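K.L.:
Give the three-dimensional model of this entry:
(chains A, B and C)
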Amino acid sequence: MDHFPTSWGRPRTEAYDAYNTFPLHQRPNPGHKDAFAEGVQRTQQPIVTGTSVLGILYKDGIMLVADTLASYGSLARFKSIQRLHPVGSSTVIGASGDMSDFQYLQTLLEELIIEEFAEADKHELGPAEIHEYLSRIMYGRRSKMNPLWNSLLVAGKKDGKRFLAYVDLLGTTYSASTIATGYGAYIALPLLRTAVEGKEDTLTEEEARKILEDAMRVLFYRDARSLDKYQIAIVNDEGVTISEPKKIETEWGFAEGIRGYGAQIQ
Amino acid sequence: MSIMEYNGGSVIAMVGKNCVAIASDLRLGVQSLGIASNFQKIFPVTDRIFVGLPGLATDVTTLHEQFRYRVNMYTIKEEREIEPETFAALVSSTLYERRFGPYFIEPVIAGMQRTPSGSYKPFIAATDLIGCLNFAKDFVVAGTASDKLFGVAEGLWEEDLGPEDLFETISQTMLNAVDRDTNSGWGVVVHLLTKDKVITRTLKGRMD
Amino acid sequence: MPDGSYAHPQQRQFNPYTENGGTILAIAGADFTVIAGDTRQSEGYSIQTRYAPKVFRLTDRAVLAVNGFAADGNMFVKKVKQRLEWYRHAHAKDMPLRAIARLIQTMLYAQRFFPYYVYNILGGIEEDGSGAVYSFDPVGSYEREACRAAGAAQSLVQPFLDNQIYFKNQQLPPGQTRPLHLSLSDVLSIVIDSFTSATERHIEVGDGLEIYVVLAKGRGPQGLEAVRGAQELTTNAEGDRVFIVRRELKKD
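P.N.:
Below is the predicted model:
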């Protein structure tokens, strides 16, 4: 069997979508003998991708949410992938974009945490340090014209200070009280900003969770590369907790009455 | 390069207290080559309306003739002078007739509009090259220096300027904006309209 | 093609740059300099954050504003600060402004064939106590000026500054003269007006305004009282002094 995923063929042909696995990269022409004639081949597009990650600040900490889907183009290829990942004891990262690049970053971070632990100096890397490290990796790779194709959220709480920041394949970074990646930046972010801005220090855990669940529902309705199964990561004074996968409750009864959606009348 | 920038040129109109002003540069060029420094882009329509036609020079002439013809027909049929607001609608529909093969002109209209009580109120408007009207309360700009004009006008303009203050404001706006634009300049002309007179002044500008 | 390949291979090159909007501005006076920038960071039509600083204090007499591709900008500022720290360790003093300017030119030109996509404006106080502004292009061409705007709304702000700072196209009655330099309070008003105007007419400008004021050694804070809430950032009160003033801009 051919184990190279890009030889499996594409499920569909459609217009180019910057947020997705399309077009799939070409394998070198089989008749082509010299493997180095065109220089080194690098990642020019993502293959197996995750969609939006959302993050908000609330009273006691930070909350991240992401669904559990890893798509292969328009194919919902892996439906139980964890896209939220704890780093150390006070940080969690959430990834959208290429999942293999994300897993590579996980191994880098694991090495980093182990090296830091081995110092045995009671010092631990906090969210700000993890974010700095990630942005240097991402910017370094973009500068080699060989990017890690991700948009990442870094969230954490250390020494009583909340931290929520973004970094992407270009090395672009920023911090805000509500951040969303991918389609979430268009669909969910306006909802999150209305719900959160100005209330960062008063929102309870329950309220924050409700805001994120509502946003994920809207995303599931409108983002074709999303799934109704999601995980929430919470970072507060107690540390990092990543929930078990949960289902989004949806309502499709209305679809029946929409022309071009439900059964066709007339 | 865009056809809108082929010959260069810019126009601005501003509202004041019981007056309006419209100004343009005098340059005609072919891309970076200057051809003439006396190219009028603003034309009288009636005694109380001026229209500025920045854009492709050949269309300046064509549209000016077209507007002259249509305004004359209006005057004959209606047996009265056209009002600025009506003229703006005429400009808009004339341009939209050519929706899919437009004239490369973004007209600016300035005039004193007669009110039902018999007094006059200032009127300005501008359209894009296919006739989308923009009635502004403060100022309108068009041409190759439009972004510069926006910046300076937004900084200098204030409400209820008297005729002389309005003249100074529009002149300073125009001169300083075209000095930062390679495709506009070579002198400026300003028309100041009040209820009973029009003052036209030609300003000396940088010739580089 | 059914096998997923294309008859004509599609080429899509990774683009290592983007534009993050915003505008910066600096004006030099006789014995002070004002350096300002808005705090919006955007990509396309999306506002990423309403607070991402573009203006940075380098020393007690030098402030650097960076505008363009934010990732390059942040990396560039980081490297300039590192070089200034090395200089401090080697010479036990802060690098003079004109030397920082030359350093920046060298650092930018070193990346001539993969440039930092950033417009830099450096402001501060020279060794002779005069206010100075240095402006750079992305590959290091630079000159000393009295005032400069850069970024998304450069074309809106620069001609306004020509008029209000250089008094371009304004002539005085014969016999009258103008003071050689503007007062600090006038400069601050012009800076705030420039940014409110740019915010009004440019979608990538807005949210917040950060104004740094650098005062020459021995100069009192006169003129600074014209604005509320100036905050001092100086580390050594004996030398030149740095202040920051923050203002809200429209968020739409």
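
K.L.:
Can you tell me the SS state at the residue in the stretch 101-250 of chain C that chain B sits nearest to?
P.N.:
Closest residue of the stretch 101-250 of chain C to chain B, Cβ to the nearest Cβ: C:L156 (2.7 Å). C-betas here are computed from N, CA, C, even on glycine. Assigned with DSSP: H, G, I helix; E, B strand; the rest coil, C:L156 falls in the helix class.

K.L.:
Once you drop chain neighbours, what's closest to it?
P.N.:
B:G151 (2.7 Å; Cβ to Cβ, 6 or more residues apart in numbering or on different chains).

K.L.:
what do you get for B:V20?
P.N.:
B:P122 is the one closest to B:V20 (Cβ to Cβ, 6+ apart), at 4.2 Å.

K.L.:
Report pLDDT for the residue of the stretch 101-250 of chain C closest to chain B.
P.N.:
With respect to pLDDT, C:L156 scores 98.

K.L.:
So it sits against C:H202, correct?
P.N.:
Yes. Using Cβ atoms under 8 Å, C:L156 is in contact with C:H202, at 6.2 Å.

K.L.:
more neighbours, these two?
P.N.:
Set C:L156 next to C:H202 and count neighbours by other Cβ atoms under 10 Å in any protein chain shown: C:L156 wins out with 27 against 24.

K.L.:
which residues sit in contact with the more buried one?
P.N.:
B:147-148, B:150-152, B:154, C:197-198, C:201-202 (Cβ atoms under 8 Å, 6 or more residues apart in numbering or on different chains).

K.L.:
Most widely separated two among the residues you listed?
P.N.:
Using Cβ to Cβ, the contacts of C:L156 reach their maximum pairwise distance at B:V152 and C:H202, which is 13.5 Å.

K.L.:
ok, which stretches of the chain are helices?
P.N.:
Using chain A. For chain A, the helices defined by DSSP state H cover A:99-118, A:127-143, A:184-187, A:189-196, A:205-222.

K.L.:
actually chain C
P.N.:
C:70-91, C:97-110, C:154-164, C:184-201.

K.L.:
quick one: low-confidence parts of chain B?
P.N.:
Applying pLDDT under 70 to chain B flags no residue at all.

K.L.:
tell me the centre residue of chain B?
P.N.:
B:G52 (3.0 Å; Cα atoms, centre = their mean).

K.L.:
gap between the residue lying closest to that residue once chain neighbours are set aside and B:L166?
P.N.:
Among residues not flanking B:G52 along the chain, B:V11 sits closest, at 3.4 Å (Cβ to Cβ, 6+ apart). Separation of B:V11 from B:L166 (Cβ to Cβ, to the nearest Å): 16 Å.

K.L.:
Then A:G88?
P.N.:
As judged by Cβ to Cβ, A:G88 and B:L166 stand 65 Å apart.

K.L.:
A:G126 now?
P.N.:
To B:L166, A:G126 is 60 Å away according to Cβ to Cβ.

K.L.:
which of these two has more neighbours?
P.N.:
Looking at A:G126 and B:L166 with other Cβ under 10 Å, you find the greater number of neighbours at B:L166, namely 26 against 20.

K.L.:
Send me stretch A:202-209 as CSV with only the CA atoms.
P.N.:
C-alpha atoms of stretch A:202-209 as CSV (Å, rounded to 0.1, in the frame of the first residue of the first chain):
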residue,chain,number,x,y,z
THR,A,202,-16.4,39.7,36.2
LEU,A,203,-17.3,36.8,34.0
THR,A,204,-17.7,33.5,35.9
GLU,A,205,-16.5,30.2,34.7
GLU,A,206,-20.0,29.1,33.9
GLU,A,207,-20.7,32.3,31.9
ALA,A,208,-17.5,32.0,30.0
ARG,A,209,-18.2,28.4,29.2
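
K.L.:
Would you mind listing the outside residues contacting it?
P.N.:
If you take Cβ under 8 Å, 6+ apart as the criterion, stretch A:202-209 is touched by A:56-60, A:63, A:196, A:211, A:232, A:234, A:236.

K.L.:
and it, average pLDDT?
P.N.:
pLDDT averaged over stretch A:202-209 gives 98.

K.L.:
Report the distance from it to the chain centre.
P.N.:
Stretch A:202-209 sits 22 Å away from the centroid of its parent chain (Cα atoms, centre = their mean, to the nearest Å).

K.L.:
Buried residues, stretch B:19-39. List them.
P.N.:
Counting neighbours by 16 or more other Cβ atoms under 10 Å in any protein chain shown, one finds that the buried residues in stretch B:19-39 are B:19-29, B:34, B:39.

K.L.:
ditto for stretch C:114-124
P.N.:
Buried residues in stretch C:114-124, counted by 16+ other Cβ under 10 Å: C:115-124.

K.L.:
Return the distance of it from the chain's centre.
P.N.:
Stretch C:114-124 sits 9 Å away from the centroid of its parent chain (Cα atoms, centre = their mean).

K.L.:
again, but for stretch B:147-163
P.N.:
Distance of stretch B:147-163 from its chain centroid, counting by Cα atoms, centre = their mean, is 15 Å.

K.L.:
Which residues are in contact with C:A30?
P.N.:
When contacts are taken as Cβ under 8 Å, 6+ apart, C:A30 is in contact with C:130-131, C:180-181.
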